[in-house]
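> Okay, predicted coordinates and the sequence, questions at the end:
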Amino acid sequence: MLLNQFLQNIYTPTSIIPTLIANQNKAIFATEIICVIKEKTMKEIREKISSIDDKVLKLLAERRQLSVEIIKFKNAEKSSIRDKDREKQLLTRLLEVGREYGLDTHYVSKIFQEIINDSIKIQNKFVLDSTNLNDDSQTLKVAIQGIEGSYSFLATNQFFSDSGKDINFKKFDTFDEVVESVEDSTCDYAILPIENTTSGSINDVYDALTNSSLQIVGEEIFPVKHCLITTEDVPLNSIRKVFTHYQAARQCSKFLKSIPSAEVELLPDTAKSVEYIKEKGDKTFAAIASREAADIFDLKVLREDIANQQGNFTRFLICSRDAIKVDERIPTKTSLILATAHKAGSLVEALSVFKKYEVNMTKLESRPIIGNPWEEMFYLDFQGNIKNQNVKDLLDEVGKHTRYLKVLGCYPAKDIEKTKVERINVKHEEVKPKIVKQEVKEEKKPKAKVSYKLASRDYKSDDTIITVRDVKIGGGNFIIMAGPCSVESYDQIIDCAREVKDNFAHILRGGCFKPRTSPYAFQGLGFEALDFLKSAGDDYDLPIITEVLSIDQVEKVAEKSDILQIGARNMQNFSLLSEVGKSFRPVMLKRGLMASLDELLNAAEYILARGNRQVILCERGIRTFETATRNTLDLSAIPILKELTHLPIIVDPSHAVGQRDKVIPLAKAAKAVGADGIMVEIHPDPGKALSDGEQSMRFDQFRLMTQELEKMN
């Protein structure tokens, strides 16, 4: 009876539990009752969550329908599909409301960016469908190279997911067969992988398209996540053979070296390699393919994400017999094949036309002309619509400089530019500083020769702008790099990343390898910290920067870090400078503790001379006789460097002053004298920091600093 009474009053159990325990006088019974409470309460909470999820899905469906309704009005009026000001206002309001509900801005921004992107895709598709006649057939016949589970198969499903039609796959062994099947009307579409971010262009596809009459009508960007697949759960050293496609073998070459006992054998596609080891049933055989292929053939995934680099994507072209018309309001790409005269300067003449018409090329690839030794044809992608008069004029003029010109297709671009919100809840009057131009004297003194050529203004007069993901460093952009001195744990760096994102800073910093004055001080977590930093950057869509200390670290760190940092103690480590000069990653070079500006620029020259032209200078304070601060921040260096070099200049006030409460005024001063950004240290609990806690700002100080800097705009 007491149990029934309790269950009927499940929402006020605390008043009944003592009575139950007293009456039964059995601890076991009390434990069982508490278990009943937890199970019933958890069930009800889960039911509430499911109910909310259903409501969210219903509202998303309603919002989608409204996107269709609004594009009908836009289409009738021929107004722009996107209203970026409206999107910015919408996101700003949602972020403000989200904060009132206790939601972090990145979480809200990420959700609604996806919703906005979905709305744009729906509207683009509506306009595209209304422009082009659609086949009434409910089945699409699509030609792919490979079988079920291949990346072409997966990319096809992704591209046509909103078509509402069934897909009838026709599978072939070669790309030539795929192209021919569409040309002879056996299939409606050909899906062709054209390039990969790890292994580069796929030449067989270019060759198949060379003499083809097909038109490119779309593109798909598919994330490639290679897995090592086996019939059973076995140790790596027991694998004797690995079967895969040659492109997958190239993309996973480093992993394959880690199992020297295995011989690599190539098959027509990745999914067929899974099918093959399934048929053979040999537990010493493995395949490299997608997880989806493993699921289709019911095999084991032994290792995931084994490609040489994270962020491995393949771009696919969707081709058909007939071209499509793309409304000029939709962001568009056009692909060409061209061949120029076999003489000096002919290619330059053709490509200079794109600069003249201010059209951005996104790809340039050369392939040999069969039968003409040492002569090349070129494949180009550019942003533009062949219906646009500017593009028509461009193509006419390019034609004057070529002996062969063919448009492969004009089609909607896959990527959608994200709407960015700079800051919320900061209200202040905009103050524009008065710009005073210096008088230019007619007589100029001859400039002294400098030992650094590539870093000098004489070599390049315009400011260098370095783009890292969507962050631009230099050229009048003021950016904020922030994070802990040392990455101490996953939770710590995640907290910092959230704070950096919520306050609209740009780049997440964190030390993984720490050069310390004392050999007994915390030296960093090494590559484990780099994994934490990379994960935090990915979660919050932030580029990351970390320091490299030695030559052997450069390649491994460059695989995950967006920017490599050379610390003050290594400013004249010329072997290390030469090594990062070979990297494709931007490098931030810190000024040495007692280095002159001339020495700093010559150190930068080492990097530039080795090929890497993406160098950022960092003023972090120099050692003087003054002991009131950790170092003396040489702000006078900023305008001098601006005159001497085209390279971006960042200021590190944290290391300069060494005291967290002095960082804000120095950060503001850095912006005032013309720096391109700052790097500061923050920590969830500076008092417990394992390194440089005294100079690490609390989160509330960091928020105040970003607001104060915003007021200076």
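Received it, and whenever you're ready, just let me know what you need. Residues are numbered from 1 along each chain as shown.
> Convert stretch 362-374 to PDB, retaining C-alpha atoms only.
Output in PDB follows, covering the C-alpha atoms of stretch 362-374 (Å, rounded to 0.1, in the frame of the first residue of the first chain):
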ATOM      1  CA  THR A 362      39.600  28.700 -58.200                       C
ATOM      2  CA  LYS A 363      41.500  26.000 -60.100                       C
ATOM      3  CA  LEU A 364      44.200  25.700 -62.800                       C
ATOM      4  CA  GLU A 365      45.300  22.300 -63.800                       C
ATOM      5  CA  SER A 366      47.500  21.300 -66.800                       C
ATOM      6  CA  ARG A 367      47.500  18.000 -68.700                       C
ATOM      7  CA  PRO A 368      49.600  17.000 -71.700                       C
ATOM      8  CA  ILE A 369      48.100  17.200 -75.200                       C
ATOM      9  CA  ILE A 370      48.200  13.600 -76.600                       C
ATOM     10  CA  GLY A 371      50.200  13.500 -79.800                       C
ATOM     11  CA  ASN A 372      51.900  16.900 -79.200                       C
ATOM     12  CA  PRO A 373      55.000  16.300 -77.100                       C
ATOM     13  CA  TRP A 374      55.700  18.900 -74.400                       C
END
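> And it, how far out from the chain middle?
In this view, stretch 362-374 has its centroid 30 Å away from the chain centroid, taken as Cα atoms, centre = their mean, to the nearest Å.
> buried ones in that stretch?
365, 367 (16 or more other Cβ atoms under 10 Å). For glycine as for every other residue, the C-beta is placed from the backbone atoms N, C-alpha and C.
> list the helices and strands the host helix or strand of A271 packs on?
Per DSSP states H and E: A271 is located in helix 270-280. Helix 270-280 is packed against strand 227-230, strand 241-244, strand 285-289, helix 291-296, with contacts defined by 3 or more Cβ pairs under 8 Å, 6 or more residues apart in numbering; DSSP states H and E.
> residues in contact with S578?
606-607, 610 (Cβ atoms under 8 Å, 6 or more residues apart in numbering).
> Buried subset of those residues, written for ChimeraX?
The ChimeraX command for the buried members of the contacts of S578 (criterion: 16+ other Cβ under 10 Å) is given here:
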select :606,607
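> Make TSV out of the contacts of S578 and add secondary structure, distance to K449 and pLDDT.
TSV is the format used below for the contacts of S578 (DSSP: H, G, I helix; E, B strand; the rest coil; distance: Cβ to Cβ, whole Å; pLDDT from 0 to 100):
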residue	secondary structure	distance to K449	pLDDT
Y606	helix	18	95
I607	helix	21	96
R610	coil	22	93
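> Please name the spatially closest residue to L633 (chain neighbours excluded).
Closest residue to L633 apart from its sequence neighbours, by Cβ to Cβ, 6 or more residues apart in numbering: A656 at 3.6 Å.
> What about the one you found, how many residues nearby?
24 (other Cβ atoms under 10 Å).
> spatially speaking, which residue is in the middle of this structure?
R469 (5.6 Å; Cα atoms, centre = their mean).
> Do you have the helices of the stretch 1-150 of the chain handy? List them.
Per DSSP state H, counting those that start in this stretch, the stretch 1-150 of the chain carries helices over the ranges 2-8, 17-24, 27-77, 84-100, 105-131.
> packing partners for the third one?
If I follow you right, that is helix 27-77. helix 2-8, helix 17-24, helix 105-131.
> Roughly how far does E265 sit from K241?
To K241, E265 is 6 Å away according to Cβ to Cβ, to the nearest Å.
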